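J.: 3D model of this:
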Amino acid sequence: MKLPKSEHFSRPWRIHELARDFRLEDVWALPTPGGPDDFPRLVRTATSFEARRRPSLVGLLFAIRLGLGRVLGWDRPSKDDTRQRLRERLPGELRARPSTVSPALGFDPLFQLHDEWAAEIVNRTVHGVIHLGWVPDGEGGYRGQMAILVKPKGLFGEAYMLAISPFRYLIVYPRMLERIGQQWFSYSADRS
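T.: Predicted coordinates:
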């Protein structure tokens, strides 16, 4: 379920200090009810998403995007990419807390805390961050929350974000959230 942006900004996430110059694109409640110690499981579940390996509409969209990126050079690194990376902004205590997983789809992990995880992707269209948090659900439990932060690269990056918006909202996010929920509940059922 899509959440108001205030749900992200109202929490004391460490990502706020690193990504001040990013735009918060989306905030989602994840279908992952759990207890206070289940956050590492959420990180493993969410980062195992590999659309290209499964025949699906999302997989097709990612294949098209990767093909266009290869042909048009969108994913080749630019000389500014290294110094633009958030990894370069990490304070020592976050550098000492690396991710326990490597995310899919070209993202590079930044850090992992007991209730917060982040990864970034940099290409010639955008600098993007996926952020996961573990938040109280108001009923004595917890649930996952996902935020997408972006910094489009110029007018082309803005146009790119606008062009992919319908695909993200109508296809990618709904199917990704559904898959995360299915994995979460199948794991819970397997442990019963």
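J.: now the helices: where do they sit in the chain?
T.: Secondary structure of the chain (DSSP state H): helices located at 6-9, 15-18, 39-47, 57-72, 81-84, 92-95, 154-167, 173-191.
J.: now do the last one against helix 154-167, angle only.
T.: Okay, so that is helix 173-191. With axes from the mean of the first three to the mean of the last three CA atoms, to 10 degrees as the basis, helix 173-191 and helix 154-167 are set at 60 degrees to each other.
J.: mean confidence (pLDDT) on helix 173-191, please.
T.: The average pLDDT for helix 173-191 rounds to 81.
J.: check which residues of that helix are buried.
T.: Across helix 173-191, burial judged by 16 or more other CB atoms under 10 Å covers 173, 175-177, 179-181, 183-184. Just so you know, the C-beta spots here come from the backbone N, C-alpha and C atoms, and that holds for glycine as well.
J.: distance from the chain centre to it, please.
T.: Its chain's C-alpha centre and that of helix 173-191 lie 16 Å apart, by CA atoms, centre = their mean, to the nearest Å.
J.: same for it, what does it pack against?
T.: Counting contacts by 3 or more CB pairs under 8 Å, 6 or more residues apart in numbering; DSSP states H and E, helix 173-191 packs against strand 23-29, helix 39-47, helix 57-72.
J.: how far away is the residue nearest the centre of the chain from residue 70?
T.: A centroid search over the chain (CA atoms, centre = their mean) returns residue 130, at 2.4 Å, as the residue closest to the centre. Applying CB to CB, to the nearest Å, the value for residue 130 to residue 70 is 22 Å.
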